[in-house]
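Student: take a look and give me a structure for this.
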Amino acid sequence: MSAAERLAEIRGRIAAAALQANRDPASITLVAVSKTFPPEAVMPLIDAGQAVFGENRVQEAAGKWPILLARHTELRLHLIGPLQTNKVRDALALFHAVHSLDRERLAAAIAKEVAAGTRCPDLFVQVNTGEEPQKAGVPPREAVAFVRRCRDVHGLTVAGLMCIPPLEDAPGPHFALLRKIGEEAGTGALSMGMSGDFETAIAFGATHVRIGSALFGARG
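Tutor: Residues are numbered from 1 along each chain as shown. Below you'll find the predicted structure:
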């Protein structure tokens, strides 16, 4: 299939999953995960009307996206990978959303840049729902308190929560847990679901689904 055909298929599946869950398909944002793919692989999706893209690394995105963003002002770029504190200034200048706010030092660094006049992107707190030691994210039991500190101590607006369930687990319970934490924390958005499980995520309330391989194919 062409890029446009793959995009149409994924959009159709998102719409079907939304309707199955009695939700408005327009309430779900498709984040096309373009990490490791060059601009020439991204352009067919832009031409087909996709406007929201996700990248894992600030440095890679900085080498790929400024020209595309200047040419296509409707595009929105989301950082879905970890953010180092020394990359905060660059990230805030480039990204419209950050899905990986996961620690106090990072919240403080973002708040410092915003206070200096830098645009603040939409912020998602990453929750390590599986409490995996090798994975970033706030432990579930600490997530609500962390969201409150982001607001009350650092003056940040938290748009939502993000999670990446363990590969070996059924994703549904993790999505349900993230939704519960979001309800307790008073955050509206839920970034959850990837190529293999986004329909399940939509059933549990996902507002942002991060899809890469189903749109771009396997990474080399």
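Student: so which bits of the lowest-mean-pLDDT helix or strand in the chain are buried?
Tutor: Counting by mean pLDDT, DSSP states H and E, the chain has its least confident helix or strand at helix 213-216, which shows a mean of 92. Buried positions in helix 213-216, judged by neighbour count with 16 or more other CB atoms under 10 Å: 214, 215, 216. For every residue, glycine as well, the C-beta is placed using N, CA and C.
Student: do you know how far the first one is from residue 192?
Tutor: Counting by CB to CB, to the nearest Å, the separation of residue 214 from residue 192 is 16 Å.
Student: ok so, going back, just checking, what packs against the least confident helix or strand of the chain?
Tutor: helix 3-20, strand 29-33 (3 or more CB pairs under 8 Å, 6 or more residues apart in numbering; DSSP states H and E).
Student: buried residues of the helix or strand following the last one, list them for me.
Tutor: Towards the C-terminus, the helix or strand next in line after strand 29-33, according to DSSP states H and E, is helix 39-47. Buried residues in helix 39-47, counting neighbours by 16+ other CB under 10 Å, are found at 42, 44, 45, 46.
Student: which member of those is positioned nearest residue 95?
Tutor: Closest to residue 95 out of the buried residues of helix 39-47 is residue 42 (15.5 Å), distances taken as CB to CB.
Student: just give the closest residue to that closest one, not the sequence neighbours.
Tutor: residue 34 (5.1 Å; CB to CB, 6 or more residues apart in numbering).
Student: show the backbone phi and psi for the one you found.
Tutor: Backbone geometry at residue 34, expressed as degrees, to the nearest 10, gives phi -100, psi 10.
Student: quick one: it and residue 43 touch, right?
Tutor: No - counting by CB atoms under 8 Å, residue 34 sits too far from residue 43 to count as a contact (10.4 Å).
Student: strands of the chain, start to end?
Tutor: For the chain, applying DSSP state E gives strands covering 29-33, 52-55, 76-79, 97-101, 122-126, 158-162, 189-191, 208-211.
Student: just put the ones you listed in TSV and tack on mean pLDDT and mean neighbour count.
Tutor: Converted to TSV, these look like this (pLDDT from 0 to 100; neighbours: other CB atoms under 10 Å):
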stretch	mean pLDDT	mean neighbour count
strand 29-33	97	23
strand 52-55	98	24
strand 76-79	98	22
strand 97-101	98	26
strand 122-126	98	25
strand 158-162	98	24
strand 189-191	98	25
strand 208-211	98	24
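Student: now distance to residue 138 too, for these, in TSV please.
Tutor: Compiled in TSV, these are given as follows (distance: least, CB to CB, whole Å):
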stretch	distance to residue 138
strand 29-33	21
strand 52-55	20
strand 76-79	17
strand 97-101	9
strand 122-126	6
strand 158-162	9
strand 189-191	14
strand 208-211	18
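Student: ok, which of those strands comes nearest residue 150?
Tutor: strand 158-162 (5.3 Å).
Student: okay, angle between the closest one and strand 122-126 too, please.
Tutor: Taking axes from the mean of the first three to the mean of the last three CA atoms, to 10 degrees, one finds strand 158-162 and strand 122-126 inclined to each other by 40 degrees.
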